[in-house]
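Novice: okay, predicted coordinates and the sequence, questions at the end:
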Amino acid sequence: MKFTVLKNKRVFLTGHTGFKGSWLALWLRRLGAEVYGYSLPPPTSPSNYALARVGDALTGETIADIRDRDRMAAAVAAFKPDALFHLAAQPLVRDSYAMPYETFEVNVMGTASVLDAVRAAGHPCAVVCITTDKCYENREQVWGYRECDPMGGHDPYSASKGAAEILIASYRRSFFHPADLARHGVQLASARAGNVVGGGDWAKDRIVTDMVAALAAGRPVPVRNPLAIRPWQHVLEPLSGYLTLAAAMLEQPDPKWSESWNFGPVSGTELPVGRLVDAFVAAWGSGHWEDRSDPSQPHEASILRLSIEKAGWALNWRPRWSCDEMVRRTAQWYRRVLCEGSDARAACENDIAAYGTF
């Protein structure tokens, strides 16, 4: 699928000040899209949004909460987007234990606010709502979860994302039914990605954030779940999936796109946390890690894998970078930006260019 269809398209992006959102904003601008951002201020300091000067790549932005229904509706109505990517969320599992109510409110009712704004605008739009691989009812199974598997979630974050998926499906059936696409013009899909790594992530309790902070300071890397298996992928991998899906919607509107989609690594390439850290330390060039497992810590799943067969068959989408490439590029980004003083915007642009032309 060619991304050229996104050139000159008006794209509304929630969560553009976050890690994934900042990368997506830069990629969309590189493709020639007009990008409007809607988000709270950057959630961390430093942030990729600030260091990479993401604001300069935007047509405009609103710094506000997605739960502010009036401001959200006004922004969507005024911009009249051709496509909308909804990434804004409370994205951290451990934070969801500390603030469960806010997690559900942001991730569920915030999504309702965005979709209500699309409904009120009455404008044809390709909508991709980003949830997570953790939306599935995790049975600690060894095979990957498919899009037809049931939603669930042990921790409040996972449960809130499962609930958001149910809400998205409800809006699709109630207001944007694929069978009535010719009438309402709104295609509504959800996208579920794996555990994402890459330059510019400073969120707390994230493994790359912990690794970079420790290695840069010459300390051992604290690892709380070294045996946990996750579908790791570079940030550009799921973003390419979201862009592929949106491009398909724009190029050939069809009810078949208005579904849920998994974007993860190739089956069998998932890694335990300990092996990921080993690879990152090797790519960094020095350091070591310590097992900080704590039986009393909040519950987190031990095994999580995604099936990406549907995206492969229907969208002709495949991951491009190996685990080694993912780790090398992530370590290189932080080395250059933090230790050598390289420009973060240039570092992001270089990775986007290296990922490939569509």
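Specialist: Thanks, I have the structure now. Numbers count the residues shown, from 1 in each chain.
Novice: thought Ala216 was touching Arg335?
Specialist: No. Contact between Ala216 and Arg335 fails when scored by Cβ atoms under 8 Å: they sit 9.1 Å apart. C-beta: built from backbone N, CA, C; applies to glycine.
Novice: got a list of what the residue nearest to His177 when sequence neighbours are not counted touches?
Specialist: Closest residue to His177 apart from its sequence neighbours, by Cβ to Cβ, 6 or more residues apart in numbering: His184 at 7.9 Å. With contacts defined as Cβ atoms under 8 Å, 6 or more residues apart in numbering, His184 is in contact with Pro124, Phe175, Phe176, His177.
Novice: hang on, the earlier thing: of Ala216 and Arg335, who's got more company?
Specialist: Arg335 (19 against 14; other Cβ atoms under 10 Å).
Novice: roughly how far does the more buried one sit from Ala33?
Specialist: 30 Å (Cβ to Cβ, to the nearest Å).
Novice: contacting residues around the helix or strand containing Ala353?
Specialist: Per DSSP states H and E, Ala353 falls inside helix 344-355. For helix 344-355, contacts defined as Cβ under 8 Å, 6+ apart pick out 22-23, 26-27, 30, 48, 51-53, 198-200, 236, 240, 320-321, 329, 333, 336-337.
Novice: how close does the nearest residue to Trp289 once chain neighbours are set aside sit to Gly241?
Specialist: Computed as Cβ to Cβ, 6+ apart, the closest residue to Trp289 that is not its neighbour in sequence is Val221, at 3.8 Å. For Val221, the distance to Gly241 (Cβ to Cβ) stands at 29 Å.
Novice: what about these two, which has more around it?
Specialist: Remark: of Val221 and Gly241, Gly241 carries more neighbours, 26 against 20, as counted by other Cβ under 10 Å.
Novice: could I have the CA atoms of the helix or strand hosting the more buried one written out in PDB?
Specialist: In this structure, Gly241 sits in helix 236-251 according to DSSP H and E. This file holds the C-alpha atoms of helix 236-251, laid out as PDB (Å, rounded to 0.1, in the frame of the first residue of the first chain):
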ATOM      1  CA  LEU A 236       8.000   2.800  13.200                       C
ATOM      2  CA  GLU A 237       6.600  -0.700  12.800                       C
ATOM      3  CA  PRO A 238       3.200  -0.100  14.200                       C
ATOM      4  CA  LEU A 239       3.100   3.400  12.800                       C
ATOM      5  CA  SER A 240       3.600   1.900   9.400                       C
ATOM      6  CA  GLY A 241       0.600  -0.400  10.100                       C
ATOM      7  CA  TYR A 242      -1.600   2.500  11.100                       C
ATOM      8  CA  LEU A 243      -0.500   4.500   8.000                       C
ATOM      9  CA  THR A 244      -1.100   1.400   5.800                       C
ATOM     10  CA  LEU A 245      -4.600   1.000   7.200                       C
ATOM     11  CA  ALA A 246      -5.500   4.700   6.800                       C
ATOM     12  CA  ALA A 247      -4.000   4.800   3.300                       C
ATOM     13  CA  ALA A 248      -6.200   1.800   2.300                       C
ATOM     14  CA  MET A 249      -9.300   3.600   3.700                       C
ATOM     15  CA  LEU A 250      -8.500   6.800   1.700                       C
ATOM     16  CA  GLU A 251      -7.500   5.100  -1.500                       C
END
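Novice: output the contacting helices and strands for that helix.
Specialist: helix 19-30, strand 83-86, strand 125-130, strand 186-193, strand 260-263, helix 309-315, helix 344-355 (3 or more Cβ pairs under 8 Å, 6 or more residues apart in numbering; DSSP states H and E).
Novice: quick one: it to strand 186-193, angle?
Specialist: Inter-element angle recorded for helix 236-251 and strand 186-193: 170 degrees (by axes from the mean of the first three to the mean of the last three Cα atoms, to 10 degrees).
Novice: flag every buried residue along helix 236-251.
Specialist: With burial defined by 16 or more other Cβ atoms under 10 Å, the residues of helix 236-251 counted as buried are 236-250.
Novice: quick check, pLDDT for the nearest residue to Val223 once chain neighbours are set aside.
Specialist: Spatially, and ignoring its direct neighbours in sequence, Val223 is nearest to Trp289 (5.1 Å; Cβ to Cβ, 6+ apart). At Trp289, the model reports a pLDDT of 89.
Novice: next: Thr357.
Specialist: 58.
Novice: returning to that earlier point: starting at the chain centroid, how far to the helix holding Gly241?
Specialist: 12 Å (Cα atoms, centre = their mean, to the nearest Å).
Novice: quick check: mean pLDDT of that helix?
Specialist: In this model, helix 236-251 carries a mean pLDDT of 98.
Novice: so that helix versus strand 125-130, what angle?
Specialist: Using the same axes, to 10 degrees, helix 236-251 lies at 160 degrees relative to strand 125-130.
Novice: helix 236-251 to helix 19-30, inter-axis angle?
Specialist: 50 degrees.
Novice: other SSEs contacting the lowest-mean-pLDDT helix or strand in the chain?
Specialist: None of the helices or strands of the chain scores lower by mean pLDDT, DSSP states H and E than strand 229-230, at a mean of 84. Here strand 229-230 touches strand 271-272, helix 273-284, going by 3+ Cβ pairs under 8 Å, 6+ apart.
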